[in-house]
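**Student:** for reference, the sequence and a predicted model appear below.
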Amino acid sequence: MRRNLSKAEIMLWLQLKNKKINNHKFRRQYSVGRYVIDFYCPILKLAVEIDGGYHFAEGAPEYDEERQRHIESYGIKFLRFSDKEVINDLPKVIKRISQIAK
């Protein structure tokens, strides 16, 4: 588990923790196979990932696609947001997660 969260991860975690989204419990830095998901709701089988700048580096998109396919092979739904989306429009991100987490 990483110890340091990004600004976007902190902002989103403050909205997800303590069952603030439709009374669903989210976990931070949840392991699925050999991968770690930023945020995960076990009841909904919902992964939420925040992509920072490093996700756009050479080779990263291919790695992310393979990683996401592996995680989805467990029946897990996947939501992905950029760190800019979270920082610049957190209410929109929360609304999207809430729509899935009904």
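**Tutor:** Received the coordinates, thanks. Residues are numbered from 1 along each chain as shown.
**Student:** can I have stretch 68-76 written out in CSV, keeping just the CAs?
**Tutor:** The C-alpha trace of stretch 68-76 is given here as CSV (Å, rounded to 0.1, in the frame of the first residue of the first chain):
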residue,chain,number,x,y,z
GLN,A,68,-8.2,-2.9,-15.8
ARG,A,69,-9.0,-6.1,-17.9
HIS,A,70,-7.5,-8.2,-15.1
ILE,A,71,-9.5,-6.5,-12.4
GLU,A,72,-12.7,-6.6,-14.4
SER,A,73,-12.2,-10.4,-14.9
TYR,A,74,-13.2,-10.7,-11.2
GLY,A,75,-16.6,-9.1,-12.1
ILE,A,76,-15.5,-5.7,-10.8
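**Student:** and it, which residues are buried?
**Tutor:** Across stretch 68-76, burial judged by 16 or more other C-beta atoms under 10 Å covers 68, 71, 76. Every C-beta, even on glycine, is put in place using the N, C-alpha and C of the backbone.
**Student:** inside helices: which ones of those?
**Tutor:** In helices, defined here by DSSP state H, the members of these are 68, 71.
**Student:** of all the buried residues of stretch 68-76, which comes closest to H24?
**Tutor:** Comparing the buried residues of stretch 68-76 against H24 with C-beta to C-beta places I76 closest, at 14.2 Å.
**Student:** can you pull out the strands in this structure?
**Tutor:** For the chain, the strands defined by DSSP state E cover 27-32, 35-41, 46-51, 77-82.
**Student:** returning to what we had before: tabulate the buried residues of stretch 68-76 (a markdown table), appending distance to Q15 and pLDDT.
**Tutor:** Below are the buried residues of stretch 68-76 laid out as a markdown table (distance: C-beta to C-beta, whole Å; pLDDT from 0 to 100):
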| residue | distance to Q15 | pLDDT |
| --- | --- | --- |
| Q68 | 22 | 93 |
| I71 | 22 | 95 |
| I76 | 20 | 97 |
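**Student:** now the buried residues of stretch 68-76 as JSON lines including distance to P61?
**Tutor:** Listed next are the buried residues of stretch 68-76 as JSON lines, based on distance: C-beta to C-beta, whole Å:
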{"residue": "Q68", "distance to P61": "10"}
{"residue": "I71", "distance to P61": "16"}
{"residue": "I76", "distance to P61": "20"}
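**Student:** done for today, thanks.
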